[in-house]
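In: Sequence plus predicted model, see below.
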Amino acid sequence: MHRSREAFTMFHTKRILGGAAAFGFACTFAALVPGTASAAPVACTTAPGGADIAALVGGSQCDSSADIASAAAGLGLEGWGSAEAMNNAAALALGLNGGTAVSNASFGGAPAAIAFGPGAIAQNTAAGLGLSIAVAAPGSTITLTPEGAVCNGAGIAGSFTTLQGCIG
């Protein structure tokens, strides 16, 4: 029993010292590596019954619009996110690092559009109950509508309502 107690103590001592060393390394690395300038993100959120919102800060742009029974959120981080939701729906759009994302929802739809990188375009339009997503990589155009999905370039789109999608 004495031996297992020593092994138990040694295990925990090594674990504590290892954690302290990792924390110390992380702090030293953070102090020595110069920070990079970051762009200001803009967020536009329209809650049910809220006012339409639009914002532009540098290269970051967003807008959102929703009726009394819906919610929309657009976010731009050196990109453009545009979201619109009507008739009991929710929409989300994220435009990142030069991407343009547009999400339009109606009649219970819950689409998300995410575009990241220069020239990326993600457009997701949903009508009817269900979740859907469209994600576009740099230089790609990804479109998802109730009629179908089109992937031109790297990206993915899929609808749980229509069971349509594509991978580019």
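Out: Cool, the structure landed. Numbers count the residues shown, from 1 in each chain.
In: hey, let's count contacts and neighbours off CA atoms from now on
Out: Fine.
In: and G98, that one's in a strand?
Out: No: the assignment for G98, made by DSSP: H, G, I helix; E, B strand; the rest coil, is coil rather than a strand.
In: what's near enough to touch it?
Out: Shown here is G98, whose contacts under the criterion Cα atoms under 8 Å, 6 or more residues apart in numbering are E78, G79, W80, F116, G117, P118, G119, A120.
In: one more time with 6 Å
Out: Contacts here follow Cα atoms under 6 Å, 6 or more residues apart in numbering; on that basis G98 touches E78, G79, G117, P118.
In: Could you list the low-pLDDT ranges of this protein?
Out: Along the chain, the parts satisfying pLDDT under 70 run over 1-38.
In: in it, which spans are strands?
Out: All strands of the chain, identified by DSSP state E, fall at 42-46, 53-57, 60-66, 71-77, 80-86, 90-96, 100-106, 109-116, 121-127, 130-136, 141-145, 148-152, 155-159, 165-167.
In: any chance of these in CSV, with mean neighbour count too?
Out: Compiled in CSV, these are given as follows (neighbours: other Cα atoms under 10 Å):
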stretch, mean neighbour count
strand 42-46, 24
strand 53-57, 17
strand 60-66, 27
strand 71-77, 29
strand 80-86, 30
strand 90-96, 30
strand 100-106, 29
strand 109-116, 30
strand 121-127, 28
strand 130-136, 25
strand 141-145, 27
strand 148-152, 19
strand 155-159, 24
strand 165-167, 18
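In: Surely S60 is in contact with G76?
Out: Yes: between S60 and G76 there is a contact at 4.9 Å, judged by Cα atoms under 6 Å.
In: In contact with the closest residue to G153 other than its chain neighbours, which residues?
Out: Leaving aside its sequence neighbours, G153 sits nearest to S140 (Cα to Cα, 6 or more residues apart in numbering; 4.4 Å). S140 sits next to A120, N152, G153, A154 when contact means Cα under 6 Å, 6+ apart.
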